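**Student:** Structure for this input, please:
(2 chains)
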Amino acid sequence: MKVSIERAALLKAVSQAQSVVERRNTIPILANVLIEAADDTVTFRATDLDIEVVDKAPAKVERAGATTVPAVTLHEIVRKLPDGALVSLTEEGSSGRLTVEAGRSNFSLATLPKEDFPVMASSEYTANFSAPAPVLRRLFDKSKFAISTEETRYYLNGVYMHVSDADGGKVLRCVATDGHRLARIDAELPEGATEMPGVIVPRKTVGELRKLLDDDDAQIAVSVSETKVRFATPAITLTSKVIDGTFPDYTRVIPQGNNRKMEVDAADFARAVDRVATVSSERSRAVKLSLDEDRLILSVNAPDSGAAEEELAVAYGDERLEIGFNAKYLLEIASQVDRENAVFLFNSAADPTLMREGNDQSAVYVVMPMRV
Amino acid sequence: MFDRAGRCPACGSPRVVSHPELFDLSIAHMDCDAFYASVEKRDNPELRDKPVIIGGGRRGVVSTACYIARIRGVRSAMPMFKALKLCPDAVVVRGSMDKYVQVSRQVRALMDELTPAVEPLSLDEAFIDLTGTAKLHGAPPALMLARLTKRMRDEIGITGSIGLSHNKFLAKVASDLDKPRGFSVIGKGETDVFLRDKPVTLIWGVGQSGQKSLEKAGIRTFADLLRWEREDLQARFGSMGDRLWHLARGQDRRRVSSRRPVKSISNETTFHDDTADPDILDGHIWRMAEKVSARAKAKDLAGRVVTLKLKRANFALLTKRVSLRESTQIADRIYRVARDLFDQVGDQGPYRLLGVGLSDLVAADVADISGDLLDPDAEKRAQAERATDAIRERFGKDAIVKGRALR
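**Tutor:** As a prediction, this is how the structure comes out:
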């Protein structure tokens, strides 16, 4: 194999590949990236056995071939090469070494046989559709903060992507929850997605997917089966197993009868929560919200560290209410609001609270209160 | 009155303690003699001259053996079948923890009268620091300690042994030298000579594995340990190395503190017969969770880490743990998490032992304060549990029992 490739293109392809590679893995071949050169294209393939990323970059292929080298090392080398450099990757027959050359720099990397590299089995996808990058970006960005890290409830360790009924017909919906908060984000159902099975996209996949979604104009080809999900741009294909489990029935979690409404500027609210939470106890992070007519008092009373209070003007016309929350959860949902005021809908101090942006029903958040 | 050799002029006892530093030493370790067995003998005089073993069931282990049984070779932690082979005429008593706790409290009260610096290690032993109390009591620590054991015998009806020295490590070593009803002293002047030929297993906390790693380094006795440079010990054994270096010289600067935080709470049970039956195991998980929860509630503590421990029939040990988002002391939550952990283990039984533990402990007021969106009934169950606790408080612990506990 002998290939010449522009440093920037190489870096982009290799960095996407190496981020999939698990840092602490015990199987040597999984630390490697499979490099395949043919027809003026170099393909970089990396996997952790659950996720596979295939990244194509244009290159001048002098001699076709394939090999594998440690992904992290290759990435480090390319990252440190000067911008604009032309990099050549050369493997001489059975030398067991890949030479990386750029200008006066010369590296020789140990290879492992390409035959040992596990390529993810292809799957029959039951639904194929295309969605604009900004739509997927919103669906996942606004839901991923609520993904659980609890191993015992592994079926919550991802975002549940599925087709659902909403007021205006069927929608593409992403839901994530850890039992303390929940995010439910809807988007217009893309053509061809109707038959899509609901899948739980693992946390790590959500992270990798995000890198495909930066370009506002990109169209992402999405394929879904019962066991796998694939997201692809012309250059990058990300294939992932989905979490084998049943996502709980979240619909009964979303309160319907909450009618004590508070409207507040989300940024002001977030800053005030952040300020008073400075003295809250490390463990509970509890903040109390005391609501009275058009007035909200945020307070913290932590016997060990101190107390804090801040008043905020809000729109509220219901009875007095005192309710406690974990400050971190309040900050996270408040930071999802970017255009209008945050609207909170309370019931009692013990019931889940709902939050949305203005009157937008396409993104709702639920957060569980805590005793204060 | 103790510094003259020979017999005690007051009572004629030959057990007279004499030591040049006797009235200068003030750190003591009090260890009750065969505590559980002594309590049982006190309450049932028929047992007095019989070998008595406290322990659970045919498959259990010896938790305490009285001194008569010890003569026959019975030791604590010995499997019951082995103990009964050595001592077939032993009376095995299941023991009643509630009673021992109560007696332990009485002993504690006597110690508390001497000094606020009492650090209990378990129900039947404690460190006592009497430094600076001589003026207050009008008597040196040694005398007060002798009076303590007398009061324990006269007022409570059990006996204990005292170790008196200049630090905790040596006090604990000393209390074991002359059991039962002992009073041993290790003075500063004799510390080095005393330790020199002793095995390092004397150090509290050096168990079998610790012994092995020390042995690998060629360390069997304190004399071996003395040959090591401080840096080398640190390099080889980490933070323990530094402690070893000091202990080798009879130095131990740990204070006697009554406020030693509890680090974890756990309960385990060895089954009568190995079992792989998930229903039976589930019952055990519940009972262990309930015990752990009861102890946490009694101490006003809650924990964030739940551990499940299983010992397979071939003695292989499996432990699984999980960190919760919020601390808990509720039996129902501990049970559910432990049950989840059990389900993750998969079918690898049969098992001979099961244990549940709670660690990363905090004060209970920050525990169980937020609900679970996905389990809206959890709060109701927690309330039911608190109501159950209140009923048990009034009518006894068997007043109300979950069906699950009867499996």
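**Student:** Let me see the contact set for the residue in the stretch 151-300 of chain A that chain B sits nearest to.
**Tutor:** Scanning the stretch 151-300 of chain A for the residue nearest chain B gives A:T152, at 4.1 Å (criterion: C-beta to the nearest C-beta). Placement of C-beta: from N, CA and C, glycine included. For A:T152, the residues meeting the contact criterion (C-beta atoms under 8 Å, 6 or more residues apart in numbering or on different chains) are B:322, B:337, B:340-341, B:344.
**Student:** which of those are buried?
**Tutor:** Buried residues within these, counting neighbours by 16 or more other C-beta atoms under 10 Å in any protein chain shown: B:322, B:337, B:340-341.
**Student:** And the residue of the stretch 51-200 of chain B that's closest to chain A?
**Tutor:** Evaluated by C-beta to the nearest C-beta, the stretch 51-200 of chain B has B:P116 as its residue closest to chain A, separated by 23.5 Å.
**Student:** and the residue lying closest to that residue once chain neighbours are set aside, what helix or strand is that in?
**Tutor:** Once flanking residues are discounted, B:P116 sits nearest to B:S258: 6.4 Å by C-beta to C-beta, 6 or more residues apart in numbering or on different chains. Taking DSSP states H and E as the definition, B:S258 sits outside all helices and strands.
**Student:** Now do the same contact list for B:S258.
**Tutor:** With C-beta under 8 Å, 6+ apart as the criterion, the residues that contact B:S258 are B:116-119.
**Student:** The closest residue to A:S164 other than its chain neighbours: what secondary structure?
**Tutor:** When the adjacent residues along the chain are set aside, A:S164 lies closest to A:R173, with 4.3 Å between them (C-beta to C-beta, 6+ apart). In terms of secondary structure, A:R173 is strand; the call rests on DSSP: H, G, I helix; E, B strand; the rest coil.
**Student:** How many residues are close by A:R173?
**Tutor:** With neighbours defined by other C-beta atoms under 10 Å in any protein chain shown, the count for A:R173 comes to 22.
**Student:** pretty sure it contacts A:I185?
**Tutor:** Yes. A:R173 is in contact with A:I185 according to C-beta atoms under 8 Å; the separation is 6.9 Å.
**Student:** Which of the three states applies to B:R325?
**Tutor:** Put simply, B:R325 is strand when judged by three-state DSSP.
**Student:** Give me the distance between it and B:S370.
**Tutor:** When C-beta to C-beta, to the nearest Å is the yardstick, B:R325 and B:S370 sit 8 Å from each other.
**Student:** And for B:D340?
**Tutor:** Using C-beta to C-beta, one gets 19 Å for the distance from B:D340 to B:S370.
**Student:** same deal with B:L317?
**Tutor:** Remark: distance between B:L317 and B:S370 (C-beta to C-beta) = 34 Å.
**Student:** Kindly report the same for B:H284.
**Tutor:** From B:H284 to B:S370 the distance is 29 Å (C-beta to C-beta).
**Student:** Can you tell me what sits against stretch B:340-353?
**Tutor:** For stretch B:340-353, contacts defined as C-beta under 8 Å, 6+ apart pick out A:152-153, B:59, B:268-271, B:274-276, B:281-282, B:285, B:306, B:308-313, B:315, B:318, B:320-322.
**Student:** Next, give phi and psi for the spatially closest residue to A:I243 that is not a sequence neighbour.
**Tutor:** Distance criterion C-beta to C-beta, 6+ apart; nearest residue to A:I243, sequence neighbours excluded, is A:I200 at 3.9 Å. Backbone dihedrals for A:I200, given as degrees, to the nearest 10, come out at phi -100, psi 110.
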